[in-house]
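1. Give me the fold of what follows.
(one chain, ligands or ions: 1)
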Amino acid sequence: MQYSLMELPYPKDALEPMISARTLEYHYGKHHAGYVEKLNGLIKDTEFETKSLIELIKHAEGAIFNNAAQVYNHDFYWTNLSNKPTKPSLELESHIRSEFGSMDAFEKEFQTKALGLFGSGWVWLCIDKQENLSIVTTSNADNPIRSGLIPLMVCDVWEHAYYLDYQNARAEYLANFFKLLNWKFISFNFANHQEHAQNYFSHVCKENTPYCEYLDSLEEMEKVST
Ligand SMILES: [Fe+2]
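-> This next block holds a predicted model:
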């Protein structure tokens with residue numbers, strides 16, 4: 001099995017002025033594409049060739065883990081951004097309020113952790129099996145699935161995500177990142193987190209609901225060729 005670069009759910013200039021088309025040219029077109037190409041080279045003719053991204057993230061080590069996780073992390077990042085205004089579901093908003101005090105307090109804590117992450121990495125909103133929410137930072141390619149957590153939302157804080165637009169002003173990038181969030185996707189992840197942990201990007205929808213239609217569109221983006 002060979003992976004292919006996901007299709008972006010919006011045009012490359014759709015996130016401007018917060019994230020420029022030039023950044024997407026490099027971040028999506030060079031960095032993300034590079035991880036896909038490298039992963040395909042690494043797994044070809046090995047026991048990992050038939051594994052899903054989730055399985056690679058859970059069980060692979062070294063370069064295969066790093067590149068598989070970076071493919072997943074970037075798929076997740078682009079999908080949790082939107083060029084259209086969205087709102088969290090009432091259930092998710094209520095859960096965030098009860099865990100963090102308010103939506104503003106959640107945003108502030110997320111940004112504080114993102115600013116405090118030394119070097120390259122990711123900042124996640126996760127949920128655990130006891131339904132507790134947490135903001136988790138991971139370094140380099142690392143992914144919270146590895147620790148048994150279920151990701152709901154992510155921000156890429158590698159410099160390649162923002163340097164062209166913001167240079168070293170990570171705080172400014174983070175503030176604008178929140179304006180671009182795809183709360184529809186994040187709410188979907190919250191509503192389906194039990195299945196999501198095992199089957200992200202490979203769900204089989206059994207119901208004819210808006211969520212299933214949305215899921216189908218995600219699957220379309222994550223085309224895998226054989
Ligand atoms: Fe990135």
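2. so what pLDDT did the most far-flung residue of the chain relative to its centre get?
-> Largest separation from the mean C-alpha position in the chain: residue 45, at 28.0 Å (CA atoms, centre = their mean). As predicted, residue 45 sits at a pLDDT of 95.
3. does the residue nearest the centre of the chain sit in a helix or strand, and which one?
-> Residue closest to the average C-alpha location in the chain (CA atoms, centre = their mean): residue 76, at 2.4 Å. Assigned by DSSP states H and E, residue 76 belongs to helix 62-79.
4. who does that helix touch, helix- and strand-wise?
-> Applying 3 or more CB pairs under 8 Å, 6 or more residues apart in numbering; DSSP states H and E, we find helix 62-79 packed against helix 33-43, helix 53-59, strand 150-156, helix 210-221. No exception for glycine: its C-beta is placed from N, CA and C like everyone else's.
5. Tell me how far the following helix or strand past it lies from the chain's centre.
-> Per DSSP H and E, the first helix or strand lying C-terminal to helix 62-79 is helix 90-100. Relative to the mean C-alpha coordinate of its chain, helix 90-100 is positioned 20 Å out (CA atoms, centre = their mean, to the nearest Å).
6. can I have helix 90-100 written out in PDB, keeping just the CAs?
-> C-alpha atoms of helix 90-100 as PDB (Å, rounded to 0.1, in the frame of the first residue of the first chain):
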ATOM      1  CA  LEU A  90     -23.300  22.500  22.300                       C
ATOM      2  CA  GLU A  91     -22.100  19.200  23.900                       C
ATOM      3  CA  LEU A  92     -18.400  20.000  23.200                       C
ATOM      4  CA  GLU A  93     -18.700  23.600  24.300                       C
ATOM      5  CA  SER A  94     -20.400  22.500  27.500                       C
ATOM      6  CA  HIS A  95     -17.600  19.900  28.100                       C
ATOM      7  CA  ILE A  96     -14.900  22.500  27.500                       C
ATOM      8  CA  ARG A  97     -16.600  25.000  29.800                       C
ATOM      9  CA  SER A  98     -16.800  22.500  32.600                       C
ATOM     10  CA  GLU A  99     -13.100  21.400  32.200                       C
ATOM     11  CA  PHE A 100     -11.500  24.800  31.600                       C
END
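7. So what's the residue count around residue 194?
-> Other residues lying near residue 194 total 12 when counted by other CB atoms under 10 Å.
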